[in-house]
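Asks: Test case, fold it:
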Amino acid sequence: MGAMLKQHWWVLPALWSTLLLGAVLAGPGLAAVKPVYLWTDQLVYLLVIMALFLVAYIRHRAHLREPWTLVLRRRLAMGAAVILLAYVVIGLLDSVHFRPPLQSDGQGETHYAPQVISVLDLLAEPIRSKVESTYSAPLATHLYSKEAVETPGGRGYVYPRLEHGGAHLQDPFADRSGDIALRALRALIEAAAIWVVLGVLLAWWLARHEPDSALRRYRQMLRGDTRQPWHVFLYTLLAMVALVALAARIGPYYHILGTDKVGQDVFYQAVKSIRTGLVIGTLTTMVMLPFAILLGIAAGFFKGWVDDVIQYMYTTLSSIPGVLLIAAAILSIQVYIVNHPDLFVTAAHRADLRLLALCIILGITSWTSLCRLLRGETLKLGQMDYIEAATAFGVRSFTIIGRHILPNVMHIVLIIVVLDFSGLVLAEAVLSYVGVGVDPSTISWGNMINSARLEMAREPVVWWTLLAAFVFMFTLVLSANVFSDAVRDAFDPRLRQSA
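Replies: Modelled structure (predicted):
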């Protein structure tokens, strides 16, 4: 069985892809909900399947497996990979959408709610459903501003009690700190127990083909006595598990990061925004890569009039202000949505179309820099002896491109893709801030920052919405940048030779 998997590397990812598609297609029927397959959801599923095949292909090729091994031997890269993996898991949970059933009409027909929710929404129901009247500070039990109320002594101004935050407390001023500390302690104990179990399972998996026992390998991992920095992986995993446990224990009883103007939980919005950032960063790359790779290699290999036409294309496109082009495209999509409301079943479909349009426009406007780099690298590779020999022997041009040019420029493609991811996440925040980003009904860090613009000017200042969006976005961008630096060092031939 193992020999067959080594020879046919595509068998295992094909099996996993089949199981994934089966779960996506059959799962809603077993759960008695109506599935909703948004455009971005389908593209996310496609990305996951492509990633499975790519990982299997890399494991099958030693020359591709070695650079990734070097990447994961760096401590910062290993920690960043764990954080990115946590973001990806949240994004995938938020990409399975459905409409929950309502009560039956008595005639055997089931009606479904008009609101589209995801698996993440279902898991976060204790946090998502607790809505206050207006602003409340993090972990507060009363509203953030005073309101006029009638008292026995006359009309006065007090801080009203929250409907959900700390509602279980008899005396919130005396009991709040102790209750939060007790719940946090329980969460940390549970997180430590889960972390130990996960660490032992990882040690067992790593030692399954070796004589070392799982516990001995686990102690080596904690001490850092392994070639891979598994201790960094474990301690970063401990931080992630602890954060999830704290959110699960405290979130249903308090608003961890407060509430916004309409009383929605800010922590839930910050977590919900992860999918939007990941979709912008990944789907835009899918749109950008075909343009950049095909046109860049064609310009550098064929030269002549082909090179002139492609240079004219990306020079002209680079001369157009990107924000104006994006604004014009998004406004056109918005006009189309308004004029054809019958084409969209729910509000989620309308918001998803605008998100997809933004990904396409960002991809069309961001392929020019990679195209220039690939053109220059292809021109250099065209002067190599093995390329000239292949041309002299009459090998077809597309065969030379597929076997010699494309494999030797993929390190540039990979480096640029990883480096541009963080830039695309920031671009969504900037575009949403100026009003030409995602739909206002879509929860994103850009929309959170846009709503916090006026909150920072009020008295007292509402600071937690901006802070929440900043922290979550900063963590994703910083992790992506740290990981991309390691990828660049491992895949750049010049840096590897100097090292």
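
Asks: residues making contact with stretch 308-323?
Replies: Counting contacts by Cβ atoms under 8 Å, 6 or more residues apart in numbering, the residues outside stretch 308-323 that touch it are 295-296, 298-299, 364-365, 367-368, 371-372, 375, 431, 434, 436. Yep, even glycine has a C-beta here, placed from its N, CA and C like the rest.

Asks: buried ones in that stretch?
Replies: Across stretch 308-323, burial judged by 16 or more other Cβ atoms under 10 Å covers 310, 314, 317, 322.

Asks: thinking again about what came up before, quick one: which of the contacts of stretch 308-323 sit in strands?
Replies: Of the contacts of stretch 308-323, none are assigned to strands by DSSP state E.

Asks: can you put those residues in JSON lines and add neighbour count and pLDDT?
Replies: Converted to JSON lines, the contacts of stretch 308-323 look like this (neighbours: other Cβ atoms under 10 Å; pLDDT from 0 to 100):
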{"residue": "295", "neighbour count": "22", "pLDDT": "93"}
{"residue": "296", "neighbour count": "26", "pLDDT": "93"}
{"residue": "298", "neighbour count": "20", "pLDDT": "93"}
{"residue": "299", "neighbour count": "25", "pLDDT": "92"}
{"residue": "364", "neighbour count": "18", "pLDDT": "86"}
{"residue": "365", "neighbour count": "21", "pLDDT": "84"}
{"residue": "367", "neighbour count": "24", "pLDDT": "88"}
{"residue": "368", "neighbour count": "20", "pLDDT": "88"}
{"residue": "371", "neighbour count": "26", "pLDDT": "93"}
{"residue": "372", "neighbour count": "19", "pLDDT": "92"}
{"residue": "375", "neighbour count": "24", "pLDDT": "92"}
{"residue": "431", "neighbour count": "23", "pLDDT": "83"}
{"residue": "434", "neighbour count": "12", "pLDDT": "75"}
{"residue": "436", "neighbour count": "19", "pLDDT": "78"}
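
Asks: Looking at these, which is nearest residue 399?
Replies: residue 298 (14.6 Å; Cβ to Cβ).

Asks: For the contacts of stretch 308-323, work out which two are farthest apart.
Replies: Spanning the widest gap among the contacts of stretch 308-323 are 298 and 434, at 35.2 Å by Cβ to Cβ.

Asks: give me the low-pLDDT residue ranges for the stretch 51-200 of the chain?
Replies: Within the stretch 51-200 of the chain, the segments meeting pLDDT under 70 span 103-108, 150-155.

Asks: if you set the cut-off to 80 instead, what comes out?
Replies: The model of the stretch 51-200 of the chain has pLDDT under 80 over residues 63-64, 103-110, 146-157.

Asks: Show me the strands in it, by range?
Replies: In the stretch 51-200 of the chain, the strands defined using DSSP state E, counting those that start in this stretch lie at 97-99, 117-118, 147-151, 154-158.

Asks: what about the spatially closest residue to residue 83 that is not a sequence neighbour, distance to residue 398?
Replies: Of all residues not flanking residue 83 in the chain, residue 479 sits nearest, at 4.3 Å (Cβ to Cβ, 6 or more residues apart in numbering). Look at residue 479 and residue 398: by Cβ to Cβ, to the nearest Å, they are 38 Å apart.

Asks: the more surrounded of those two?
Replies: Each of residue 479 and residue 398 has its neighbours counted (other Cβ atoms under 10 Å); residue 479 has more, 23 against 10.

Asks: My read is that residue 162 contacts residue 143, right?
Replies: Yes - counting by Cβ atoms under 8 Å, residue 143 is a contact partner of residue 162 at 6.5 Å.

Asks: Touching both of the two, which residues are there?
Replies: Contacts common to residue 162 and residue 143, judged by Cβ under 8 Å, 6+ apart, are 132, 136.

Asks: quick one: residue 462 is in a strand?
Replies: No - assessed with DSSP: H, G, I helix; E, B strand; the rest coil, residue 462 is coil; it does not lie in a strand.

Asks: picking that back up, now the buried residues of stretch 308-323 as TSV including distance to residue 112, secondary structure and pLDDT?
Replies: Shown next, in TSV, are the buried residues of stretch 308-323 (distance: Cβ to Cβ, whole Å; DSSP: H, G, I helix; E, B strand; the rest coil; pLDDT from 0 to 100):
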residue	distance to residue 112	secondary structure	pLDDT
310	49	helix	92
314	47	helix	89
317	44	helix	86
322	40	helix	77
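
Asks: I'd like to know which of the contacts of stretch 308-323 is nearest to residue 242.
Replies: Distance to residue 242 across these (Cβ to Cβ) is lowest for residue 431, with 34.0 Å.

Asks: from memory the closest one sits against residue 444, does it?
Replies: No - between residue 431 and residue 444 there is no contact under Cβ under 8 Å: 9.8 Å.

Asks: what residues are shared contacts of those two?
Replies: Residues touching both residue 431 and residue 444 (Cβ under 8 Å, 6+ apart): 437-438.

Asks: Tell me who's in contact with residue 473.
Replies: 273, 277, 425-426, 429, 445.

Asks: Secondary structure element holding it?
Replies: Element membership for residue 473, per DSSP states H and E: helix 464-491.

Asks: just the helices in the stretch 101-250 of the chain please.
Replies: 119-123, 125-128, 172-206, 214-223, 230-250 (DSSP state H, counting those that start in this stretch).

Asks: Throw those helices into CSV and include distance to residue 16 and mean neighbour count, thanks.
Replies: As requested, the helices of the stretch 101-250 of the chain are exported to CSV (distance: least, Cβ to Cβ, whole Å; neighbours: other Cβ atoms under 10 Å):
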stretch, distance to residue 16, mean neighbour count
helix 119-123, 19, 18
helix 125-128, 29, 17
helix 172-206, 17, 15
helix 214-223, 25, 16
helix 230-250, 22, 19
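
Asks: Residue 166 is nearest to which of those?
Replies: Taking these one by one with Cβ to Cβ, helix 172-206 is closest: 4.9 Å.

Asks: hang on, the earlier thing: determine which two of the contacts of residue 473 are furthest apart.
Replies: Within the contacts of residue 473, 273 and 426 form the most distant pair, 13.1 Å apart (Cβ to Cβ).

Asks: about what we covered before: format the helices of the stretch 101-250 of the chain as JSON lines; extra columns: distance to residue 285.
Replies: Shown next, in JSON lines, are those (distance: least, Cβ to Cβ, whole Å):
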{"stretch": "helix 119-123", "distance to residue 285": "23"}
{"stretch": "helix 125-128", "distance to residue 285": "30"}
{"stretch": "helix 172-206", "distance to residue 285": "30"}
{"stretch": "helix 214-223", "distance to residue 285": "33"}
{"stretch": "helix 230-250", "distance to residue 285": "25"}
